[in-house]
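*Asks:* make a model of this:
(4 chains)
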Number of protein chains: 2
Amino acid sequence: MPTGFAQAELIAVLVAVTTGQPRVMTIERGGGLPSGNLESSHHSLQAGLRSWVEDQTHHPVGYLEQLYTFADRGRGMDAGIGARRISISYLGLVQEQSVAGADQSEWHGWYEYFPWEDHREGRPDMLGQITRHLHDWAEGGGASRAERLRRASFAFDLDGRGWNEDLVLQRYELMYEARLVDEAGSLQGPGFGRPMMADHRRILATGIARLRAKIKYQPVMFELVPDSFTLLQLQQTAEALSGLRLHKPNFRRQIDQHALIEETGEIAQETRGRPAKLFRYRRAVLEARALAGSRLPLSRD
Amino acid sequence: MPTGFAQAELIAVLVAVTTGQPRVMTIERGGGLPSGNLESSHHSLQAGLRSWVEDQTHHPVGYLEQLYTFADRGRGMDAGIGARRISISYLGLVQEQSVAGADQSEWHGWYEYFPWEDHREGRPDMLGQITRHLHDWAEGGGASRAERLRRASFAFDLDGRGWNEDLVLQRYELMYEARLVDEAGSLQGPGFGRPMMADHRRILATGIARLRAKIKYQPVMFELVPDSFTLLQLQQTAEALSGLRLHKPNFRRQIDQHALIEETGEIAQETRGRPAKLFRYRRAVLEARALAGSRLPLSRD
DNA sequence: CCGAATATACTCATTCAGAGTATAAAGGAG
DNA sequence: CTCCTTTATACTCTGAATGAGTATATTCGG
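*Replies:* The predicted model follows:
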């Protein structure tokens, strides 16, 4: 086989948020992410992936973006033939209403896999243990001890400068290096969080990190909620994704300052408390929004 | 050949800024981007690309990130065998001082390829022509006429809401659809800007767009300037990348508000005007900076 | 009719971004 | 030597956005 040939595979991180929990589509009862070989019938990667996912899951995928491409020497293959496996991963968002009918299928809460990432009810207790293990790992690092400490301290907020919810991948990779997750061959006893096959949990971490970064400067939450929603639903979606609790008045202000939504005129039919107005997303602003966010200090001439 | 096999190729967008011009490393006197087949000797994509680029160009690459993975049916190949070409593109940044010795090699100013993207001396005149052509194209769009107008108006700022320098790719793709660039088979006479082989100009557009977006929230300019630099150099680098003129006092304020740099104690040896202090980048803040930028309205409990 | 629960509306202080002005230090022209 | 051009650096003023907290509406279940 000539050089430059490889086996190509598509992997999807499909995300939905239901009842305040972020969920990801899996196969084999949570053991892996949906994936498949790149077929020659697919005209473009994006289009191919979309039709493939929709065939398999029967959910329309509102939003789809490429995540990352990995290449590892194919472990299950004959060595020496120069072939390797290329995995092209995608992040897809599915609206809650589409998931609703789909019984207790293969949607798993993503904090099963990353329990240390959910800070909505405060800093998880297990971070104490993780921190101790990371310290041990750093101490055994010889020359790289200082560097290990610096990385761990930064990613896990060991010096109290504030938890950065975006560092999902950095945290997972540190835990992998320190052998605190089963995929790395855990040191003693079971590792933290539920493992996945091959490097699927790492890909999931990449997807979560991307999504957490994205909600700050692009209105992607709207791809996850139903067409009409209350402000509380919207906030809870943002909280589910970021794993943080948000300040209600300021969240609302930010939303309507940017004129992201409009009232539908209807009222939510839930029981407790004062009924909430229903809103819909103003698709028109998707572009206007892209205009903002310029942090460069422009000159007027 | 079994399904799922493909030819894999690496493509690099290598960027440097010299004498106020953003440049990109090319092959064949500007006709294409450096590329090569994925070799089985490469252990990871990132590492493989880095060593490959440094072998070919003899420039150390300070910063390297994956851009995008394309898959197109290989046009030059036998059809029907199920193989296709996968192109994995990377963005790399090179410091000016490394380029200096490298004579008049294969570095080409990127505004040769995208002359309509340079707004440092005001809105380029050719945008008038481009706009007229785009209007014609939209008029001939039948049912999609309104949609075409909306896209063109947004990307090229036809209604004066302000030029968005990030939309490099959108603009190139519109011009491709309207056949205003030679790669699409230009309508009449030569297309706008200098063409490149295959889809290399599109990949370059992707790289420029990524870099323009990135300088707003990550201090990547420092990967492009020498180890010690003046504030004017730094600003001119930012201007070269964004294609915009920036407001000097505010640019300076932003830089030292974030404590990104420190004085070296030395003074630049240039002739005209008051001599400028030299600064160096404080690598320590790379992490602290990542902490900022949280636009989510957090709650305190 | 009261209180728990939720929704919605303001307030106040601080920081930050946009825009412009003022002063300092060099070299060159006369 | 003095003035003028050029670049560097330091402030000012204003308005917008953000962080944090408080106050007022509605509903329902007792």
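
*Asks:* residues in contact with whichever strand or helix holds residue A:54?
*Replies:* Using DSSP states H and E, residue A:54 falls within helix A:45-57. Helix A:45-57 is contacted from outside by A:10, A:12, A:14, A:25, A:34, A:36, A:38-39, A:41-42, A:59-61, A:64, A:66, A:88, A:90, A:92, A:94, A:102, B:69-71, using Cβ atoms under 8 Å, 6 or more residues apart in numbering or on different chains. Any C-beta I mention is one placed from the backbone N, CA and C, and that applies to glycine too.

*Asks:* 7 Å instead?
*Replies:* Contacts of helix A:45-57 with the rest of the structure, by Cβ atoms under 7 Å, 6 or more residues apart in numbering or on different chains, involve A:10, A:12, A:14, A:25, A:34, A:36, A:39, A:42, A:60-61, A:64, A:88, A:90, A:92, B:71.

*Asks:* likewise stretch A:111-118?
*Replies:* With Cβ under 7 Å, 6+ apart as the test, stretch A:111-118 has contacts from A:124, A:126-127, A:130, A:168, A:192-194, A:196, A:201, A:204-205, A:243.

*Asks:* just the buried ones among the residues you listed, please.
*Replies:* Neighbour counting by 16 or more other Cβ atoms under 10 Å in any protein chain shown classes A:124, A:127, A:130, A:168, A:192, A:193, A:194, A:196, A:201, A:204, A:205, A:243 among the contacts of stretch A:111-118 as buried.

*Asks:* dump the residues you listed into TSV; add secondary structure as well.
*Replies:* What follows is the buried ones among the contacts of stretch A:111-118, written out as TSV (DSSP: H, G, I helix; E, B strand; the rest coil):
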residue	secondary structure
A:124	coil
A:127	helix
A:130	helix
A:168	helix
A:192	coil
A:193	coil
A:194	coil
A:196	coil
A:201	helix
A:204	helix
A:205	helix
A:243	coil
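
*Asks:* now, among those, which is nearest to chain B?
*Replies:* Distances from chain B to these, taken as Cβ to the nearest Cβ, are shortest for residue A:243 (10.8 Å).

*Asks:* hang on, the closest one packs against residue A:166?
*Replies:* No: under the criterion of Cβ atoms under 7 Å, residue A:243 makes no contact with residue A:166, lying 10.5 Å away.

*Asks:* helices or strands up against the helix or strand containing residue A:262?
*Replies:* Here residue A:262 sits within strand A:261-267, counting by DSSP H and E. Judged by 3 or more Cβ pairs under 7 Å, 6 or more residues apart in numbering or on different chains; DSSP states H and E, strand A:261-267 is in contact with strand A:277-281.

*Asks:* in the strand it packs on, what counts as buried?
*Replies:* Applying 16+ other Cβ under 10 Å to strand A:277-281 flags A:278, A:279, A:280, A:281 as buried.

*Asks:* just give the nearest non-adjacent residue to the second one, would you?
*Replies:* Sequence neighbours aside, residue A:261 is the residue nearest to residue A:279 in space, at 4.3 Å (criterion: Cβ to Cβ, 6 or more residues apart in numbering or on different chains).

*Asks:* residues near that neighbour, how many?
*Replies:* Counted by other Cβ atoms under 10 Å in any protein chain shown, the residues lying close to residue A:261 total 20.

*Asks:* wait, doesn't it sit right on residue A:284?
*Replies:* No: Residue A:261 lies out of contact with residue A:284 (Cβ under 7 Å); the separation is 11.3 Å.

*Asks:* and residue A:255, what is it in contact with?
*Replies:* Neighbour list for residue A:255: residue A:261 [criterion: Cβ under 7 Å, 6+ apart].

*Asks:* show me what the helix or strand just after the helix holding residue A:54 packs onto, helices and strands only.
*Replies:* Sequence order places strand A:63-72 as the next helix or strand after helix A:45-57, per DSSP H and E. Contacts defined by 3+ Cβ pairs under 7 Å, 6+ apart place strand A:63-72 against helix A:45-57, strand A:85-93, helix A:200-214, strand B:63-72.

*Asks:* and the gap between the spatially most central residue of chain A and chain B?
*Replies:* With distances taken as Cα atoms, centre = their mean, the residue of chain A nearest its centroid is residue A:208 (1.7 Å). Going from residue A:208 to chain B by Cβ to the nearest Cβ, to the nearest Å gives 15 Å.

*Asks:* now do the contacts for that residue.
*Replies:* Residues near residue A:208 by Cβ under 7 Å, 6+ apart: A:110, A:168.

*Asks:* mind picking the two most distant members of the buried residues of strand A:277-281?
*Replies:* Farthest apart among those by Cβ to Cβ are A:278 and A:281. That separation is 11.5 Å.

*Asks:* could you chop chain A up by domain?
*Replies:* A:7-111, A:118-193, A:218-291 (automatic domain parsing).

*Asks:* hmm, the last one in reach of DNA strand D?
*Replies:* Read that as domain A:218-291. Yes: on the criterion Cβ under 7 Å from any atom of the strand, domain A:218-291 is in touch with DNA strand D at A:247, A:249, A:250, A:253, A:254, A:257, A:271, A:272, A:273, A:274, A:275.

*Asks:* just the ones of these in helices?
*Replies:* A:249, A:250, A:253, A:254, A:257 (DSSP state H).

*Asks:* neighbours of the residue of the stretch 101-250 of chain A found nearest DNA strand D, just the number please.
*Replies:* Closest to DNA strand D within the stretch 101-250 of chain A is residue A:249: 3.2 Å, counting by Cβ to the nearest atom of the strand. For residue A:249, the count of nearby residues is 9 (other Cβ under 10 Å).

*Asks:* that one and DNA strand C, how far apart?
*Replies:* Distance of residue A:249 to DNA strand C, computed by Cβ to the nearest atom of the strand, to the nearest Å: 4 Å.

*Asks:* and residue A:200, by the same measure?
*Replies:* Going from residue A:200 to DNA strand C by Cβ to the nearest atom of the strand gives 36 Å.

*Asks:* with residue A:265 instead?
*Replies:* Residue A:265 is 12 Å from DNA strand C, by Cβ to the nearest atom of the strand.

*Asks:* so who does that residue touch?
*Replies:* Applying Cβ under 7 Å, 6+ apart, we find residue A:265 in contact with no residue.

*Asks:* shaky segments in the stretch 1-150 of chain A?
*Replies:* A:1-4, A:40-42, A:73-83, A:100-104 (pLDDT under 70).

*Asks:* can you give me the helices for it?
*Replies:* Remark: helices assigned in the stretch 1-150 of chain A by DSSP state H, counting those that start in this stretch are A:45-57, A:96-100, A:126-139, A:145-155.

*Asks:* which element follows the last one toward the C-terminus?
*Replies:* Yep, that's helix A:145-155 we're talking about. Immediately after helix A:145-155, counting by DSSP H and E, sits helix A:168-177.

*Asks:* now that next one: mean pLDDT?
*Replies:* In this model, helix A:168-177 has a mean pLDDT of 97.

*Asks:* hey, C-alpha coordinates of that helix in CSV?
*Replies:* Taking Å, rounded to 0.1, in the frame of the first residue of the first chain, the C-alpha atoms of helix A:168-177 are listed here in CSV:
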residue,chain,number,x,y,z
VAL,A,168,-12.2,20.2,30.4
LEU,A,169,-9.7,18.7,28.1
GLN,A,170,-6.6,19.9,30.0
ARG,A,171,-8.1,18.4,33.2
TYR,A,172,-8.8,15.0,31.5
GLU,A,173,-5.4,14.9,30.0
LEU,A,174,-3.7,15.6,33.3
MET,A,175,-5.8,12.8,34.9
TYR,A,176,-4.8,10.5,32.1
GLU,A,177,-1.1,11.3,32.6
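
*Asks:* can you name the residue of the stretch 151-300 of chain A nearest DNA strand C?
*Replies:* Closest point on the stretch 151-300 of chain A to DNA strand C, by Cβ to the nearest atom of the strand, is residue A:273, at 2.2 Å.

*Asks:* out of the buried residues of strand A:277-281, which are close to DNA strand C?
*Replies:* Checking the buried residues of strand A:277-281 against DNA strand C by Cβ under 7 Å from any atom of the strand, not one of them is in range.
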